[in-house]
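In: output the structure for:
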Amino acid sequence: MLPTLADVLRLDAVRRGQPRVVAGAGRLGNPVRWVHVAEVADIAHLLHGGELVLTTGIALPEEAARLRGYIAELADVGVSGLMVELGRRYAAALPAALVAAAEEHHLPVVVFAHEPAFVDITEAVHARIVQDQFAELRASDQLHQIFTQLSVEGASTEEVVRQVASLGGHPVVLENLTHQVLAADAAGGDPAELLSAWETRSRAVRPAGRTGYDPTSGWLVTAVGARGEDWGRLVVTLGAPPGARETVLIERAATTLALGRLLDRHAESAERQAHGTIIARILAQTYADPQEAAARARALGVPLLGRRLLGAVLRRRGAAAPPVRELSEIAAAACKEARLAALVGILDEGGAAARVGVLASLPARADVETVLTDVATRVRKRAGADGVLAAGSVVDAVRDVRRSFQEAEQVADVACRGAGGRLFYRLPDLRLRGLLHLLRDDARLQTFVERELGPLLEYDAERGTDLTRILELYLEAGRNKAVAAQQAHLSRPAFYERLRRIERVLGADLDDVESCASLHVALLALSSVRWERS
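Out: Predicted coordinates for the structure are as follows:
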């Protein structure tokens, strides 16, 4: 950080000349980038701004207009100030025109009552500049080391934000692109006050560039992201324009946060792949010894020996369901939050059959229903009702895990066909539909379906009618013709006529309870067979 003109006035080499500010006293905060001794009036075109100009005034013009022009040129180029030695050209005071022009252009002007050594002033100021620049470099290197260590240690988002607040001494907030707070540290202040109406306040702050200061709010803001994709903003509430250190601090922190997110994604992906491989090999029975599977799982922090094991499957239901990779992360997060040791991996990424496998390792005294409810509730919170969680039976050995998963997959198949709103499904929850699904490959069940519904299915196929659907609506409505007609979007006479046609085709009485029960079972079985084929 560059010294200001006020800092320069406090240096011994300057104080020996008994300096006195005669104009521009309100601009003593101007930073001094360099010191330049100049005894000519047309010096402005050789300067770049930020210089402190020293002169005895011996070459300055006498005319008031030219003095005003001299001051105007210095102000336009952006010098930090002008210091004039009295005694050579000007005995006791500067010309009034020069002082008035300096006040008009807000240019600080300082006079020396005693002759100073310009070389001492130059050396002292330049030494201060170099010293401050070295301090900045040292501080920057320190920040680099701190945030590099945080990256290596895999520090959490909260830890990085906490470090920024500690190092800078100002409140810090990390937000996403919709201005929702991801992490915050009030730096000893009131967190409620810091975050009050945050979204509204944040939306009003739009500094230019990736890093910028908003003078209205006093916020220093930088974008957070990598690979051309920003995902948030880091905000430091300064209340005053930032120095170089604050800018380096916030940008280095943003880089650490972006890198941390990339590493987290990679680590999670690698973890899911490792878990999925173990589950897939257990299901395929490719491990020569169950002990090998247990050893590999144990290395990932999931004990399988001496535990109760349960296979579960999470499937997508509907086009609005999250992608299977996202479902896998949702399931993993739910298990971690529920403190359930589990292997979680993708079993199949393809289309409607895409599914995530969960091999849960339960303590001996754990209540299965409680554990499943806890995990399923957390999954539902993230995935909504578009994710179906199905669980198999609890087994006691790795060699029996395959059976638990097969049951879970069968249950998931049936549950995805329905519109139930349960948190999770197990075989007893599916009742008759579940039994028929388990028997869907049995030739005797298929023969029963053809015997009961064959003529109606052929009639629809030949004539392009939908009598099978009408029958299904009628039976699902509990044989309530009015309700079924409404669901079919038909008038009652039209619906009644279709029921009579169904009776003629099937040779059945739809007022007979036993006939209707048999037809309903056949329709459920047909649904299971058709789902398997699809």
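In: how far off centre is the host helix or strand of residue 280?
Out: Taking DSSP states H and E as the criterion, residue 280 maps to helix 244-284. Counting by CA atoms, centre = their mean, to the nearest Å, helix 244-284 is centred 12 Å from the centre of its parent chain.
In: go on, stretch 342-351?
Out: 23 Å.
In: tell me the buried residues in it?
Out: Burial within stretch 342-351, assessed by neighbour count using 16 or more other CB atoms under 10 Å, is assigned to 342-348. Every residue, glycine included, has its C-beta placed from N, CA and C.
In: with just CA atoms, put that stretch into CSV.
Out: The C-alpha coordinates for stretch 342-351 follow below in CSV (Å, rounded to 0.1, in the frame of the first residue of the first chain):
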residue,chain,number,x,y,z
ALA,A,342,-23.6,-47.4,3.5
LEU,A,343,-22.1,-48.1,0.1
VAL,A,344,-23.9,-45.9,-2.4
GLY,A,345,-23.3,-46.2,-6.2
ILE,A,346,-24.9,-46.1,-9.6
LEU,A,347,-26.1,-49.6,-10.7
ASP,A,348,-27.5,-48.5,-14.1
GLU,A,349,-27.5,-45.2,-15.8
GLY,A,350,-29.7,-46.1,-18.7
GLY,A,351,-33.1,-44.5,-19.3
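In: give me the residues contacting that stretch.
Out: 272-280, 283, 297, 300, 302, 313, 324-325, 328, 331-332, 335, 354-361 (CB atoms under 8 Å, 6 or more residues apart in numbering).
In: make a ChimeraX selection of whichever of the residues you listed turn out to be buried.
Out: A single ChimeraX command is used to select the members of the contacts of stretch 342-351 judged buried by 16+ other CB under 10 Å:
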select :272,274,275,276,278,279,283,297,302,313,324,328,331,332,335,354,355,356,357,358,359,360,361
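In: assign a three-state SS to residue 440, would you?
Out: Here residue 440 is recorded as coil under DSSP: H, G, I helix; E, B strand; the rest coil.
In: that one: how many residues sit nearby?
Out: The local packing of residue 440 (other CB atoms under 10 Å) involves 22 other residues.
In: go on, residue 197?
Out: Neighbours around residue 197, by other CB under 10 Å: 7.
In: how near is it to residue 180?
Out: 13 Å (CB to CB, to the nearest Å).
In: what helix or strand does the residue nearest to residue 479 when sequence neighbours are not counted sit in?
Out: Sequence neighbours aside, residue 516 is the residue nearest to residue 479 in space, at 6.2 Å (criterion: CB to CB, 6 or more residues apart in numbering). Secondary structure assignment for residue 516, by DSSP H and E: helix 513-533.
In: on the three-state scheme, residue 83 is what?
Out: Secondary structure, three-state DSSP: residue 83 is strand.
In: could I get the pLDDT score of it?
Out: Looking at residue 83, its pLDDT reads 96.
In: in what helix or strand does residue 234 lie?
Out: Per DSSP H and E: strand 229-237 holds residue 234.
In: on the three-state scheme, the residue of the chain most remote from its centre is what?
Out: When each C-alpha in the chain is compared with the mean C-alpha position (CA atoms, centre = their mean), residue 91 comes out farthest, at 68.2 Å. Under the three-state scheme (three-state DSSP), residue 91 adopts coil.
In: and whichever strand or helix holds residue 493 with helix 513-533, angle?
Out: Assessed by DSSP H and E, residue 493 sits inside helix 492-506. With axes from the mean of the first three to the mean of the last three CA atoms, to 10 degrees defining the directions, helix 492-506 sits at 80 degrees from helix 513-533.
In: all strands for this structure, in order.
Out: Under the criterion DSSP state E, the chain contains strands at 19-23, 34-37, 51-55, 81-85, 109-112, 172-176, 181-185, 211-214, 219-226, 229-237, 308-316, 341-348, 355-362, 387-395.
In: the second one pairs with which strands, parallel or anti?
Out: Partner strands for strand 34-37, per DSSP bridges, with pairing direction: strand 51-55 (parallel).
In: tell me the angle the strand it pairs with makes with strand 81-85.
Out: Angle, strand 51-55 to strand 81-85, by the same axes, to 10 degrees: 20 degrees.
In: pLDDT value on residue 36, please?
Out: 93.
In: an error on my part: the question was meant for residue 534.
Out: Value for residue 534, per-residue pLDDT: 40.
In: where does the stretch 251-400 of the chain dip in pLDDT?
Out: 263-270, 318-320, 350-353 (pLDDT under 70).
In: contacting residues for residue 40?
Out: residue 59.
In: with residue 43 instead?
Out: With CB under 8 Å, 6+ apart, residue 43 has these contacts: 36, 53, 74.
In: okay if I get these as TSV plus distance to residue 97 and neighbour count?
Out: What follows is the contacts of residue 43, written out as TSV (distance: CB to CB, whole Å; neighbours: other CB atoms under 10 Å):
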residue	distance to residue 97	neighbour count
36	23	16
53	18	22
74	14	24
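In: of the residues you listed, just say which sits nearest to residue 255.
Out: Nearest to residue 255 among the contacts of residue 43, counting by CB to CB, is residue 36 at 37.3 Å.
In: bridged to that closest one, which residues?
Out: Here residue 36, judged by DSSP bridges, has bridge partners residue 53.
In: isn't it up against residue 49?
Out: No. Using CB atoms under 8 Å, residue 36 makes no contact with residue 49, being 11.2 Å away.
In: next, the buried residues of the helix holding residue 516.
Out: For helix 513-533, by 16+ other CB under 10 Å, it's 515-516, 519-529.
In: what is the neighbour count of residue 341?
Out: For residue 341, the neighbour count with other CB under 10 Å is 18.
In: ok, now residue 94?
Out: 20.
In: same check on residue 142?
Out: There are 12 residues near residue 142, going by other CB under 10 Å.
In: and for the one 10 residues further on?
Out: For residue 152, the number of neighbouring residues by other CB under 10 Å comes to 8.
In: and what of residue 141?
Out: For residue 141, using other CB under 10 Å, the count is 10.
In: ok, it to residue 164 distance?
Out: 17 Å.
In: how about the helices in the stretch 51-200 of the chain?
Out: 64-77, 96-104, 118-152, 157-168, 191-195, 198-203 (DSSP state H, counting those that start in this stretch).
In: CSV for those helices, including mean pLDDT and distance to residue 428?
Out: Formatted as CSV, those follow (pLDDT from 0 to 100; distance: least, CB to CB, whole Å):
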stretch, mean pLDDT, distance to residue 428
helix 64-77, 95, 86
helix 96-104, 96, 91
helix 118-152, 81, 50
helix 157-168, 89, 43
helix 191-195, 83, 47
helix 198-203, 87, 46
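In: what are the phi and psi values at the nearest residue to residue 26 once chain neighbours are set aside?
Out: Nearest residue to residue 26 in three dimensions, chain neighbours excluded: residue 106, at 7.0 Å (CB to CB, 6+ apart). Backbone torsions of residue 106, given as degrees, to the nearest 10, read phi 60, psi 40.
In: nice, that's everything, thank you.
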